[in-house]
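In: for reference, the sequence and a predicted model appear below.
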Amino acid sequence: MQLRIGLLLLNFLTVAVAAPAGRDLSQLVHLYDYDSRQPLDIHDKTLKTFSCGVIHDITYVSPSGGLVSAYLIVPTGKGPFAAVVFGHWGNGTRGEFIPEAKTYACAGVVSLLPDYRWERPRPWYSEVDDFAHPDLDRKTRIATVIEMRRAIDLLLTRADVDPNRVDMITGAMHGNVIGFAR
């Protein structure tokens, strides 16, 4: 599952991480390597309870450094639940898909809505579309793919999540495509 998601996201960001001449796809895949066993160190604050669940404001450690800010929306009940990671549109924020995640909670789905690096508060913010520094832009986009994979890791650590029913919905960065992965 992780390899398929990694390859989907690799395809998703092809323009941003285009390989120098002479590098093939098998070499590019390793750009997204990380240690999935790193501690997540989740910090959780309950924001709101609604008829079908609870909205949490969380942070967890990024393999690329810093903290990922995210909303975690958990349905009422004990599960095991299906789960989905929502990746917002390029210039959107983690709050963009709260209405959809609440609807999913009513259907028994846990949702994780992380912010991309260029939408986070400082000191975890990273610039994007910095045309004067294309290497930094490329690094930020690679880190974003890794962090989306890390979001799936987080969901898979939850006892209330069915590991065979985890999905990802990503709004494209700056409107390219929408990707779905299982």
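Out: Alright, I've got the coordinates.

In: and the most centrally placed residue in the chain, which of the three is it?
Out: The residue lying closest to the centre of the chain (C-alpha atoms, centre = their mean) is Met148, at 2.9 Å. Secondary structure, DSSP: H, G, I helix; E, B strand; the rest coil: Met148 is helix.

In: which pLDDT value goes with it?
Out: With respect to pLDDT, Met148 scores 89.

In: doesn't Leu154 make contact with it?
Out: No - between Met148 and Leu154 there is no contact under C-beta atoms under 8 Å: 10.8 Å. Just so you know, the C-beta spots here come from the backbone N, C-alpha and C atoms, and that holds for glycine as well.

In: ranges for the strands of this structure?
Out: Ranges of strands in the chain, per DSSP state E, are 43-50, 53-61, 67-75, 81-87, 109-114, 161-170, 179-181.

In: mind putting these into TSV with distance to Asp135, mean pLDDT and mean neighbour count?
Out: Formatted as TSV, the strands of the chain follow (distance: least, C-beta to C-beta, whole Å; pLDDT from 0 to 100; neighbours: other C-beta atoms under 10 Å):
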stretch	distance to Asp135	mean pLDDT	mean neighbour count
strand 43-50	31	95	12
strand 53-61	24	96	19
strand 67-75	22	95	23
strand 81-87	23	93	25
strand 109-114	24	96	26
strand 161-170	24	91	18
strand 179-181	25	40	16
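
In: for Ser26, find the nearest of these.
Out: strand 179-181 (19.7 Å; C-beta to C-beta).

In: which residues touch stretch 34-44?
Out: 2, 56-61, 63-64, 72, 146, 149-150, 153-154, 157 (C-beta atoms under 8 Å, 6 or more residues apart in numbering).

In: the same query, at a cut-off of 6 Å, please.
Out: Stretch 34-44 is contacted by residues 56, 58-61, 63, 146, 153-154 when judged by C-beta atoms under 6 Å, 6 or more residues apart in numbering.
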